[in-house]
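Student: Need the 3D shape of this:
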Amino acid sequence: MRKERVEIKKLGINGEGIGYINKKICFINNALPNEIVDVEIVEENRKFLKGKVVSYIQKSKDRVESICKEDKNCQGCSLTALDYQQHAPFKKGILKDALKKYTEFDVDHLPIQHVRACQVSKGYRKVVSLPITYFKGKVNVGIYQRESKYLTLMNNCPMQDPLINQCLVKIEDILNECKARDYNDKVKKGLRFLRLRNIDGQIQVLFVTGQDGLKPEIVEKISQIEEVKSIWFTINTTRHQEFELQGYKKVYGQSTLPFHCFDQQYLYSVKSEFPINPEMEKTKLEIIRSMIPAQATVLSLNCGIGLLELAIDNEVVAIDEKNYHIKDAKDNAKFLHKSDVEFLCKNIDEATIAQCKKRKFDVVIARCEELSLAIQQSLILSKVKDVIFVSDHPSALAKNLEDLKKYYDIETMIPLDTYPYSAKIETIVKLKRK
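Tutor: Numbering: from 1, shown residues only. Okay, here's the model as predicted:
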């Protein structure tokens, strides 16, 4: 294999180190800016190279001991060896680089606020969905890394909630005690996936299984774990992993679990998406709520179960394409005695067009990776005063802002470190009609 010595100039959008070999860009995992590393070239094509660190000749002053013992092999988090104080400027840089690349704004003079850091940077993931595998004579929850046969065991991940990790260990022990096996595609039997959610300290367990379902003895033993409040399973032998399309069967516990937000209680059913980082979700929703004027009529896109919509006193039309979200939202509206929110389960583009033709909205909240052309045209033609756009895709966000700059000014941009130790960044943008 070819080996080279490379000086790392900066971090890429996925948190990988970037250097140059004979003027050709080289992407190198586990390398930080200002480091000099010897690398083994593992991929080469006309446009770029990929390298694997063999040794560190000069280390960065910002390198710290990784908080994860699997950081050399696991591809889930790319910034575990970078001092957390440097994450915010790096992530703000990702946003600014996208704006410079895809827009004609004077980016250095845009109203971009500081990155809102996560108060709990480790153990923040309250939702995990993991494959079940058979490895070294026992059942484990783990992930085979891309482009390798390396299995990362996931019952002690420092990014996962500690209570979830504790339950994963206990569940693994139970599965092995009951002689469970992983999924066999030939006979369509076995355990495929395990999902755990920590909703305010209560654990919800979901198995995706083959045709044989879940053994009663497994259910009985898992139900004895104090924190486990419900157990579900769904049979799915198809190739796709959109498990919400299938029916879920409850075999133990509560049908919904309570979640507190905005000083009120909401109920989550098993299918509705719960935020991976609930504390940062609350921060995001508080920021959005502060941007909504009193008495403003609001159109909210991708509303989920209505956490925000049911916490404001405005007249709201809320849309989501997932029927289980809307069912939970309507149930929560009844539970909270809220009658000024209309929840609709419809295609986002079609419903936006129809609603903007039907009535005038003062504020549109769009929580999506990008604004479709249909949504953009609806905003422009209906002359919506304020747009609150939330995206976790800086490039798509930048392109949309360029598309709308003739009609809207950027009032503020607030980046959020919703997913610490990853290169991912979420941004709230407040747009004001010109």
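
Student: By mean pLDDT, flag the weakest helix or strand of the chain.
Tutor: Lowest mean confidence among the helices and strands of the chain (mean pLDDT, DSSP states H and E): strand 151-153, at a mean of 79.

Student: Can you tell me which helices and strands that one packs against?
Tutor: strand 127-135, strand 138-144 (3 or more C-beta pairs under 8 Å, 6 or more residues apart in numbering; DSSP states H and E). In this view, the C-beta of every residue, glycine as well, is placed from N, C-alpha and C.

Student: let's see 6 Å
Tutor: For strand 151-153, the elements it packs on are strand 138-144, judged by 3 or more C-beta pairs under 6 Å, 6 or more residues apart in numbering; DSSP states H and E.

Student: Okay, now the sheet partners of the strand it packs on, with direction.
Tutor: strand 127-135 (antiparallel), strand 151-153 (antiparallel) (DSSP bridges).

Student: now it: how far from the chain's centre is it?
Tutor: 22 Å (C-alpha atoms, centre = their mean, to the nearest Å).

Student: go on, stretch 251-262?
Tutor: 21 Å.

Student: Does the next helix-or-strand element following the least confident helix or strand of the chain pack against any helices or strands, and if so which?
Tutor: Note on strand 151-153: by DSSP states H and E, the next helix or strand toward the C-terminus is helix 162-177. Judged by 3+ C-beta pairs under 6 Å, 6+ apart, the packing partners of helix 162-177 are strand 138-144, strand 191-199.

Student: Please enumerate residues in contact with the helix or strand harbouring F90?
Tutor: For F90, the element it lies in under DSSP H and E is helix 87-102. Around helix 87-102, the neighbours that count as contacts under C-beta atoms under 6 Å, 6 or more residues apart in numbering are 11, 13, 79, 105, 107, 115, 394-395, 398-399, 402, 415, 425.

Student: If we go by neighbour counts, what in it is buried?
Tutor: By neighbour count on 16 or more other C-beta atoms under 10 Å, the buried set for helix 87-102 is H87, A88, F90, K91, K92, I94, L95, K96, D97, A98, L99, Y102.

Student: same check, this time on stretch 352-371
Tutor: Buried residues in stretch 352-371 (16+ other C-beta under 10 Å): 352-353, 355-356, 361-368, 370-371.

Student: Repeat that for stretch 135-147.
Tutor: V139, N140, V141, G142, I143.

Student: cool, and stretch 196-204?
Tutor: Of the residues in stretch 196-204, those buried (16+ other C-beta under 10 Å) are L196, R197, N198, I199, Q202, I203, Q204.

Student: Verify the stated contact: L431 with Y408.
Tutor: Yes: assessed by C-beta atoms under 6 Å, L431 is found in contact with Y408 at 4.0 Å.

Student: More neighbours: which of those two?
Tutor: When L431 and Y408 are compared for neighbours, L431 comes out ahead with 25 against 22, by other C-beta atoms under 10 Å.

Student: For the strand or helix carrying that one, what is the distance to the chain centroid?
Tutor: Element membership of L431, judged by DSSP H and E, is strand 426-433. Chain-centre distance of strand 426-433: 19 Å, with C-alpha atoms, centre = their mean.

Student: Name all residues that make contact with E43.
Tutor: Here E43 is in contact with K50 (C-beta under 6 Å, 6+ apart).

Student: Is it located within a helix, as I assumed?
Tutor: No: assessed with DSSP: H, G, I helix; E, B strand; the rest coil, E43 is strand; it does not lie in a helix.

Student: For A180, see how far away it is.
Tutor: Separation of E43 from A180 (C-beta to C-beta, to the nearest Å): 38 Å.

Student: Repeat that for S300.
Tutor: S300 is 43 Å from A180, by C-beta to C-beta.

Student: So which of those two has more stuff around it?
Tutor: Between S300 and A180, counting by other C-beta under 10 Å, S300 is the more crowded of the two (27 against 23).

Student: quick one: what helix or strand has the more buried one in it?
Tutor: strand 298-301.

Student: Name the residues of that strand that are buried.
Tutor: Applying 16+ other C-beta under 10 Å to strand 298-301 flags V298, L299, S300, L301 as buried.

Student: ok, I218 - contacts?
Tutor: C178.

Student: and it, that one's in a helix?
Tutor: Yes: assessed with three-state DSSP, I218 lies in a helix.

Student: Got the confidence number for it?
Tutor: Listed pLDDT for I218 reads 97.

Student: ditto for Q119
Tutor: For Q119, pLDDT reads 85.

Student: just the one 3 residues further on next, same as before
Tutor: Predicted confidence (pLDDT) for K122: 88.

Student: can you check the one 5 residues further on too?
Tutor: The per-residue pLDDT reported for V127 equals 96.

Student: all helices for this protein, in order.
Tutor: Using DSSP state H, the helices of the chain run over 87-102, 162-177, 216-222, 278-290, 323-335, 348-358, 373-381, 394-404.

Student: list the contacts for the residue nearest in space to the middle of the chain?
Tutor: Computing the C-alpha centroid of the chain and ranking residues by C-alpha atoms, centre = their mean puts I276 first, at 6.2 Å. For I276, the contact set (C-beta under 6 Å, 6+ apart) comprises R125, V127.
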